[in-house]
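**Q** Pasted the sequence and its predicted model underneath.
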Amino acid sequence: MSASPQNNGNVGVAVRDLHRSFNGNEVLKGISFDVKPGETFVIMGPSGSGKSVLLKHIIGLEEPDSGEILIADQSVHGSEVLSHYRVAMVFQSGALLKSLSVGENVGLYLTEHRLKEPEEISRIVAEKLEAVGLKGLEERSPAELSGGMQKRVAIARALVVDPQLVLFDEPTSELDPLMSVNIGEQIIQMRDRLHPTIIVVTHDRDLAFAIADRIAMINEGQIQFIGTPDEVKHSRDPMIQKFIHAELTNP
Amino acid sequence: MFYKNIGQIMLLFWRTLKAVPNAWVERKKVYDQLFEIGNASLLMVCILALFIGGELALETGPTLVERGLSGVLGRMIGLSMCKELGPVMMAILIAGRIGSAMAAEIGSMRVYQEIDALRTMNISPVNYLVMPRMIAMVIALPALVIFAIPVGWLGGALVSTFNASISVSVETFFHDLREGIAVSDVVHGLVKAFVFAVAIGLISCHQGLVTIGGPRGIGRSVTKAVVNSIVMILILDYFVTRFLIYFQ
């Protein structure tokens, strides 16, 4: 069996002067911020503001034109940071492997890294599925599940990693309000149980205010404001007020 | 773009080679792929090989008989199937049947962020997706060629026997074939099949991995995988033949 990352405790994330262009269009224009270990940090902003691209850079799926991302003071690019720390990401679509069953998806990390015996993996998978309210669905195909259920399976898959850092990309997009609240509760439960560092990208104001320790407002590839939910609510910045107001009138 | 693709394919080849020592650990995935390739292709291989052998006999048999060369018909069809038509036609079939499926499956996983999900779990897409497919391909294609060669001979023998303008008996056909074919001729075909398998696997997996742009992008990748594989099979066929002739 291969070794699992042995580093315990939460990890901080630092983003330093991040620039990224696609076909001459600058999407990220010098983004900088720090996320403290154990903090729940929400990145909010309108569609097309560069939120999801930023998240992909943080986990190393995209390479910046310039700038740096540090996880626990180690650069994400050109290092084995993902093999040293337990990092998980919940994608907007869930990104479940369609060729695998729900149970196989949830246990994939443990199976592929050979961290546990098959019986132990089955037990852990059942436990994590129960934690997200999907007990007994191990044999189902992801295609048989609704969008909300797929996202909860993706959360179960992240829980299996016992993560030190979790990234959520638009966890409530395309979900009905009830399911959005449910997903928010799942994130809060994860935070309270495992205390990982959490970074959430969303344009769901209610979710952001419910879970965030701090919120960063991003607009046109730049950080507009960083503060606590209260500071965001009371900000005089016209863009922030416009964004929050639009969310309130058009949830 | 052309040089970038070549560079990426070379890099993918190197990474796949580095992943090969994990093949035993990942054997279940290799078996699954082998079953997929065999299950999808065996019947088609039989039909194709039977008709290629038959068609060869139909085209060449009457002329050879007319010039009193009926005694070399078995040898000619035997060699053609071993050294050229067996490996090339089976490789083209596999490029269309399996290469397209590989490009579509991996391309779909790329578009729907499943490959990104693997990477965030520190699971190498090369280990998980490419290496098992490559190993299955380099085992399956030569195996299918070994299967196709005698089926092609049978097709040639049947047409030679039952076509009134040829009328070479099965005994004469196979006697001449035994006289004219050496083990090295079969090996010649298997070497080609191995090289073609590597090319199809690499091109198809690479096209899948670089897919962008949703369902239309998947379609484009599948088309490119099949067309590029067929072009590469025919180019490699010439150079591998020259190489093998040099060492004969």
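**A** Received it, and whenever you're ready, just let me know what you need. As the structure is a prediction and not an experimental result, all values here were calculated from the model.

**Q** How about the lengthiest helix in chain B, which residues are buried there?
**A** In chain B, taking DSSP state H as the definition, the longest helix is helix B:27-66. With burial defined by 16 or more other Cβ atoms under 10 Å in any protein chain shown, the residues of helix B:27-66 counted as buried are B:29-30, B:33-34, B:36-38, B:41, B:45-46, B:48-58, B:60-62, B:64-65. C-betas here are computed from N, CA, C, even on glycine.

**Q** likewise stretch B:143-154?
**A** By neighbour count on 16+ other Cβ under 10 Å, the buried set for stretch B:143-154 is B:143-145, B:147-154.

**Q** what do you get for stretch A:66-86?
**A** A:67, A:69-72, A:76, A:81-82, A:84-86.

**Q** Now do residue A:136: how many residues are near it, please.
**A** Around residue A:136 there are 11 other residues, counting by other Cβ atoms under 10 Å in any protein chain shown.

**Q** which residues touch the residue most central in space within chain B?
**A** For chain B, the residue nearest the mean C-alpha position is residue B:91 (2.2 Å; Cα atoms, centre = their mean). The contact partners of residue B:91, taken as Cβ atoms under 8 Å, 6 or more residues apart in numbering or on different chains, are B:141, B:192-193, B:196-197, B:200, B:229, B:233.

**Q** Would you mind listing what in chain B touches chain A?
**A** Contact residues (Cβ under 8 Å from any Cβ of the partner chain) of chain B with chain A: B:25, B:105, B:108-109, B:112-114, B:116-123, B:128.

**Q** of the residues you listed, buried ones?
**A** Buried by 16+ other Cβ under 10 Å: B:105, B:108-109, B:112-114, B:116-123, B:128, out of these.

**Q** Could you list the low-confidence segments of the chain?
**A** All of this is about chain A. Within chain A, the segments meeting pLDDT under 70 span A:1-9, A:78-79, A:245-251.

**Q** Contact residues of it facing chain B?
**A** Within chain A, the positions near chain B by Cβ under 8 Å from any Cβ are A:56, A:59-61, A:82-83, A:87-89, A:91-93, A:95-99, A:108-109, A:112-114, A:161.

**Q** coming back round to it: which one of the contacts of residue B:91 sits closest to chain A?
**A** Checking the contacts of residue B:91 against chain A by Cβ to the nearest Cβ gives residue B:200 as the nearest, at 20.7 Å.

**Q** burial count for the closest one?
**A** Around residue B:200 there are 30 other residues, counting by other Cβ under 10 Å.

**Q** cool, and the one 4 residues further on?
**A** When neighbours are defined as other Cβ under 10 Å, residue B:204 has 33 of them.

**Q** Spit out the contact partners of the residue nearest to residue A:128 when sequence neighbours are not counted.
**A** Once flanking residues are discounted, residue A:128 sits nearest to residue A:156: 4.2 Å by Cβ to Cβ, 6 or more residues apart in numbering or on different chains. Residues near residue A:156 by Cβ under 8 Å, 6+ apart: A:106, A:125, A:128-129, A:131-132, A:134.

**Q** Can you lay out the residues you listed as a markdown table showing neighbour count and secondary structure?
**A** Output for these, formatted as a markdown table (neighbours: other Cβ atoms under 10 Å in any protein chain shown; DSSP: H, G, I helix; E, B strand; the rest coil):
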| residue | neighbour count | secondary structure |
| --- | --- | --- |
| A:106 | 31 | helix |
| A:125 | 24 | helix |
| A:128 | 22 | helix |
| A:129 | 24 | helix |
| A:131 | 17 | helix |
| A:132 | 25 | coil |
| A:134 | 20 | coil |
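
**Q** From what I see, residue A:66 and residue A:19 are in contact.
**A** Yes - contact between residue A:66 and residue A:19 holds when scored by Cβ atoms under 8 Å: they sit 4.7 Å apart.

**Q** all helices of the stretch 51-200 of chain A, in order?
**A** Counting by DSSP state H, counting those that start in this stretch, the stretch 51-200 of chain A has helices at residues A:51-58, A:81-84, A:102-106, A:108-112, A:118-131, A:147-160, A:177-194.
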